[in-house]
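*Asks:* no sequence on this one, just coordinates:
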């Protein structure tokens, strides 16, 4: 630490006095590392990197940044897929990973208070002996933090039945962009006044930094049945999904993976995924012991009627866990195909799933690219991954062009830009495809109400032309041996 | 700097799923101390021409090489290979592994020297000159000699473990004999497996130790190992040396629990009430769980001989021992151990079973009662004889 000239001596020494020598890094290697998340976007620039251990320290860091006119970008585990945590213009980065305590669990009230750096799956593991879990289960749940889930209003396979993160956050203590501390929401079922908690969840760090979160905890289901259906075509799988929902069944999860991604995950998990099927549908029903059997049978019947070539019911928890491990590690497994991916997150109406999927494959073929599809079929949330090797000259342009066409095709089918990964910087410039100038203007006003000076994660969510979209601090980018 | 890294560098998509499985990320929350960060730095140095600053060297040097990230990686990034190769390059350039450390490692290949040093330490221990926190077991002044009882299997005895934990080797030998195997301890003919040298980036010395092993342990007899770290090292000789003899040695090397689990019917059965009346928590050494991937065998072998087996709930996260790591990076190793101690506390065992000498000493230094699985099995078997 400290081998590199500090980018901003006065700010750095102030931050160091707040955080201690162990709580701050300014070396250029560290700054280069936190300039990335799990997305393909690689033009971030980080300033000093802070590791606060308390809400007081977060507040002091924000106040110091305000005094020095610097922006602040919060960061969790850096598993985001839209560049939300990527710092633009060398802001102060606040890594919340050391604020990782589970503060209180109240089973009676079904509430847990946690710090933002608690890893999603760690909370569920902690609750397991009590018979509870935290329902939002993003595929990255073994690594991602609850603060990040709040920022992105994250979803996950089981959000089909249980709802996304905002349905599971009761209150958030936040440090606002001017350093003021506020408690948004509350434990009352109907908090008085406007739902500012609702505005904050999904704010992607543009409205402040959460320092304490009250989450709803969910009782574990009495019984669970997991099925794996194999199909000869992706379209059959997509149509089965539509038919299941149309039949009035609300499964806990409905996930589709196409052949290429299934092959890759099977090589890792050895869960017995059929690698010769064009697509597999992972379906789960939960509830009372009597009803899950019936639900599973109905899904199996609907699947067979739509051309399922095989139906397998997981025999026990070990088999279930292996199947889910496969689904949840799918993105990470793509390096078996190529070292980079560009991922979209569009949502389309379920009746249009099959048609949009075919269009996605056609777009990739036109650009001579590999696309794999793994998605939350039940709620029409597509995750087409363009898989490529960025060392190949000119490929990035093709990838971006194909990505843009995929977004347009989804929106043309009546869909939405993002299901659960957020807008961040990667999807920011697609916002005008979905929202008119008035819509964007109102979103901009909401943001400015929280952050009049554009200090909180500037350059994210709202496209250029709206405030907080232009990065002011570029001329202050620190230089070090790592640039 | 060309780190000499191959295509494995491009099998990482930077998804970050490895982070929670990395002990140093767990205790720092810092990307520089994560597998993803370490790989990104390798890329930046090898391909982007970035310099190896002290911070970069520190990021690589603080990796425990537990390889927990490898079992967590859906894309199968060969992280251990990448890190070993990186350290080889840095050590050759004199950036890591100072001279005193190299000298200390050299001693490991000289059993006479090691025994003499151990005798001095044993005396010092008895007059109270060795602090307990170092975690040394009670060293023998005059260790019981090991004698061959046949030649069905080799029992690899190694360097420090033979000098400091001879009792574990003796228990292992007796358990194997109870299963009907004639055991030949490897002794001074194969003094050290080279695992610690490999961690330190001393690839030349690792190679010559490996060659010595291959020559000394020729033949077809399986080589059984009661140290998870050594077993993993010997199983990598094929890759390291690339000779048919080395590959054959790697292929016939087994962790002793793995071997016995596959031959369980040969072990004497005992009555349920003759089992050890202990609640035993299994601690999986990383090189058994993440490298050899043979950790389930420990449970299979222990189960018939103890009242109760319990699991730790930390998904096999490293304890921070890491060969010599706990001595080289005591602060990080201590912080990592705190997590393991908390997991042990939740499981509330009477004793923790660990199949690796480094882990057992590191945990014992924090006051945990630790025993090798073979010691527990032998305790149960000998009580009924």
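*Replies:* The structure has been received and is ready for your questions. Since the model is a prediction, treat every value here as computed from it, not as a measurement.

*Asks:* Pick out the residue closest to the middle of chain B.
*Replies:* The residue lying closest to the centre of chain B (C-alpha atoms, centre = their mean) is residue B:229, at 2.3 Å.

*Asks:* Which secondary structure elements does the helix or strand hosting that residue sit against?
*Replies:* Element membership for residue B:229 (DSSP states H and E) is helix B:228-235. Contacts defined by 3 or more C-beta pairs under 8 Å, 6 or more residues apart in numbering or on different chains; DSSP states H and E place helix B:228-235 against strand B:153-156, helix B:195-199, strand B:223-225, helix B:244-251, strand B:253-255, helix B:357-364. Quick note: C-beta positions are derived from backbone N, CA and C, even for glycine.

*Asks:* Walk me through which strands the third one pairs with, and which way each runs.
*Replies:* Spelled out, it's strand B:223-225. Within its sheet, strand B:223-225 is paired with strand B:153-156 (parallel), strand B:253-255 (parallel), according to DSSP bridges.

*Asks:* Point out the most buried one among the ones you listed.
*Replies:* Most buried of those, by mean neighbour count (mean count of other C-beta atoms under 10 Å in any protein chain shown): strand B:253-255, with a mean of 26.

*Asks:* Pretty sure residue B:322 sits against residue B:196.
*Replies:* No: the pair residue B:322 / residue B:196 is not scored as a contact, 9.7 Å apart, by C-beta atoms under 8 Å.

*Asks:* ends of stretch B:235-246, how far apart?
*Replies:* For stretch B:235-246, the separation between the terminal residues is 9 Å (C-alpha to C-alpha, to the nearest Å).

*Asks:* For the residue of the stretch 201-350 of chain B found nearest chain A, give me its contacts.
*Replies:* Distances between the stretch 201-350 of chain B and chain A by C-beta to the nearest C-beta are smallest at residue B:313, namely 6.9 Å. The contact partners of residue B:313, by C-beta atoms under 8 Å, 6 or more residues apart in numbering or on different chains, come to A:125, B:343, B:346, B:347.

*Asks:* Check residue B:213 too.
*Replies:* Shown in contact with residue B:213 (C-beta under 8 Å, 6+ apart): B:190, B:193, B:194, B:234, B:237, B:249.

*Asks:* With residue A:283 instead?
*Replies:* A:226, A:227, A:228, A:229, A:244, A:251, A:253, A:254, A:255, A:296, A:299, A:303 are the contacts of residue A:283 under C-beta under 8 Å, 6+ apart.

*Asks:* Could you report the separation of it from chain B?
*Replies:* Noted for residue A:283: a distance of 22 Å to chain B, by C-beta to the nearest C-beta, to the nearest Å.

*Asks:* In the stretch 151-300 of chain A, which residue sits nearest chain B?
*Replies:* Minimum separation of the stretch 151-300 of chain A from chain B (C-beta to the nearest C-beta) falls at residue A:268, amounting to 4.6 Å.

*Asks:* Would you confirm that that residue contacts residue A:322?
*Replies:* No: counting by C-beta under 8 Å, residue A:268 does not reach residue A:322; the two are 10.5 Å apart.

*Asks:* phi, psi of the one residue sitting closest to the centre of chain A?
*Replies:* Nearest to the mean C-alpha position of chain A, by C-alpha atoms, centre = their mean, lies residue A:421 at 3.7 Å. Backbone torsions for residue A:421, taken as degrees, to the nearest 10, come to phi -90, psi -10.

*Asks:* got a list of what it touches?
*Replies:* By C-beta under 8 Å, 6+ apart, the contact set of residue A:421 is A:80, A:81, A:82, A:152, A:154, A:343, A:345.

*Asks:* Looking at these, which are in strands?
*Replies:* Counted as lying in strands by DSSP state E, out of the contacts of residue A:421, are residue A:343.

*Asks:* Redo the contacts of residue A:421 as JSON lines? Include pLDDT and neighbour count.
*Replies:* JSON lines is the format used below for the contacts of residue A:421 (pLDDT from 0 to 100; neighbours: other C-beta atoms under 10 Å in any protein chain shown):
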{"residue": "A:80", "pLDDT": "96", "neighbour count": "29"}
{"residue": "A:81", "pLDDT": "93", "neighbour count": "30"}
{"residue": "A:82", "pLDDT": "94", "neighbour count": "28"}
{"residue": "A:152", "pLDDT": "97", "neighbour count": "30"}
{"residue": "A:154", "pLDDT": "96", "neighbour count": "29"}
{"residue": "A:343", "pLDDT": "90", "neighbour count": "21"}
{"residue": "A:345", "pLDDT": "92", "neighbour count": "25"}
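
*Asks:* Distance to residue B:102 added to the contacts of residue A:421, as a markdown table?
*Replies:* Formatted as a markdown table, these follow (distance: C-beta to C-beta, whole Å):
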| residue | distance to residue B:102 |
| --- | --- |
| A:80 | 43 |
| A:81 | 45 |
| A:82 | 47 |
| A:152 | 48 |
| A:154 | 49 |
| A:343 | 46 |
| A:345 | 51 |
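
*Asks:* Just put the contacts of residue A:421 in CSV and tack on distance to chain B.
*Replies:* Listed next are the contacts of residue A:421 as CSV, based on distance: C-beta to the nearest C-beta, whole Å:
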residue, distance to chain B
A:80, 9
A:81, 9
A:82, 14
A:152, 14
A:154, 14
A:343, 10
A:345, 15
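
*Asks:* Tell me how the chain divides into domains.
*Replies:* No chain in the question, so chain A it is. Per the record, chain A has its domains at A:9-97, A:102-219, A:223-331, A:338-449, by automatic domain parsing.

*Asks:* please go with chain B instead
*Replies:* If you go by automatic domain parsing, chain B breaks into B:7-92, B:111-261, B:269-383.

*Asks:* Would you tell me which residues of the stretch 101-250 of chain A are close to chain B?
*Replies:* Within the stretch 101-250 of chain A, the positions adjacent to chain B are A:117, A:119, A:121, A:122, A:125, A:140, A:142, A:143, A:144 by C-beta under 8 Å from any C-beta of the partner chain.

*Asks:* Assign the fourth one to helix, strand or coil.
*Replies:* By that I understand residue A:122. helix (DSSP: H, G, I helix; E, B strand; the rest coil).

*Asks:* dump the residue contacts of it.
*Replies:* Each residue near residue A:122 by C-beta under 8 Å, 6+ apart is listed here: A:100, A:102, B:20.

*Asks:* Out of those residues, which end up buried?
*Replies:* Listed as buried from the contacts of residue A:122 are A:100, B:20; burial here means 16 or more other C-beta atoms under 10 Å in any protein chain shown.

*Asks:* What pLDDT is listed against residue A:222?
*Replies:* Note on residue A:222: pLDDT of 95.

*Asks:* Can you pull the phi/psi pair for it?
*Replies:* Torsion angles at residue A:222 (phi, psi; degrees, to the nearest 10) stand at phi -70, psi -40.

*Asks:* Output the below-cut-off pLDDT ranges for the chain.
*Replies:* No chain specified, so I'll use chain A. By pLDDT under 70, the low-scoring segments of chain A are A:1-7, A:470-483.

*Asks:* which residue packs closest to the residue in chain A that chain B sits nearest to, ignoring adjacent ones?
*Replies:* Proximity of chain A to chain B (C-beta to the nearest C-beta) peaks at residue A:97, 2.7 Å away. Beyond its immediate neighbours in the sequence, the residue positioned closest to residue A:97 (C-beta to C-beta, 6 or more residues apart in numbering or on different chains) is residue B:29, lying 2.7 Å away.

*Asks:* Contact partners for the one you found?
*Replies:* Applying C-beta under 8 Å, 6+ apart, we find residue B:29 in contact with A:51, A:95, A:97, A:98, A:100, A:117.
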